[in-house]
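[1] I would like to see how this sequence folds:
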Amino acid sequence: MTDYSSATMHAVPPNDSRTFRGIFIASFVVLLAIALIAQLLTWSWRPWLPGAEAEKSLVGDVKSAVYTFMSYLT
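    Residues are numbered from 1 along each chain as shown. Sure thing, here's the model as predicted:
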């Protein structure tokens, strides 16, 4: 039986942080575009994005929505 320490089992490979950052940026851009278009058309878009209901700024709303979206991926 192999003894794995907790540090080895939970070590993050170097490409994982780059992948996470890439997915975060891509989803931020997509959700920001949706929010901007809806804002320009004066639609109520905050209920569309999970996690964006309580924020006060556009960027804060989109950031909250992206973090909520990213939590579904892991």
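[2] quick check: buried residues in the helix or strand residue 64 falls within?
    Remark: residue 64 resides in helix 58-73, with elements defined by DSSP states H and E. Neighbour counts over helix 58-73 (16 or more other CB atoms under 10 Å) mark 61, 62, 63, 64, 65, 66, 69 as buried. (C-beta placed from N, C-alpha, C; glycine too.)
[3] let me have those in JSON lines, adding pLDDT and distance to residue 45 as columns.
    Listed next are those as JSON lines, based on pLDDT from 0 to 100; distance: CB to CB, whole Å:
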{"residue": "61", "pLDDT": "85", "distance to residue 45": "8"}
{"residue": "62", "pLDDT": "87", "distance to residue 45": "10"}
{"residue": "63", "pLDDT": "87", "distance to residue 45": "15"}
{"residue": "64", "pLDDT": "86", "distance to residue 45": "13"}
{"residue": "65", "pLDDT": "85", "distance to residue 45": "10"}
{"residue": "66", "pLDDT": "87", "distance to residue 45": "14"}
{"residue": "69", "pLDDT": "86", "distance to residue 45": "15"}
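[4] which of those sits closest to residue 48?
    residue 65 (8.7 Å; CB to CB).
[5] that closest one - nearest residue in space that isn't next to it in sequence?
    Closest residue to residue 65 apart from its sequence neighbours, by CB to CB, 6 or more residues apart in numbering: residue 49 at 3.6 Å.
[6] so who does the one you found touch?
    Residue 49 sits next to 31, 34, 35, 61, 62, 64, 65, 68 when contact means CB atoms under 8 Å, 6 or more residues apart in numbering.
[7] in the helix or strand where the first one lies, what counts as buried?
    In this structure, residue 31 is located in helix 14-40 according to DSSP H and E. Of the residues in helix 14-40, those with enough neighbours to count as buried (16+ other CB under 10 Å) are 24, 27, 28, 31, 32, 35.
[8] that one to helix 58-73, inter-axis angle?
    130 degrees (axes from the mean of the first three to the mean of the last three CA atoms, to 10 degrees).
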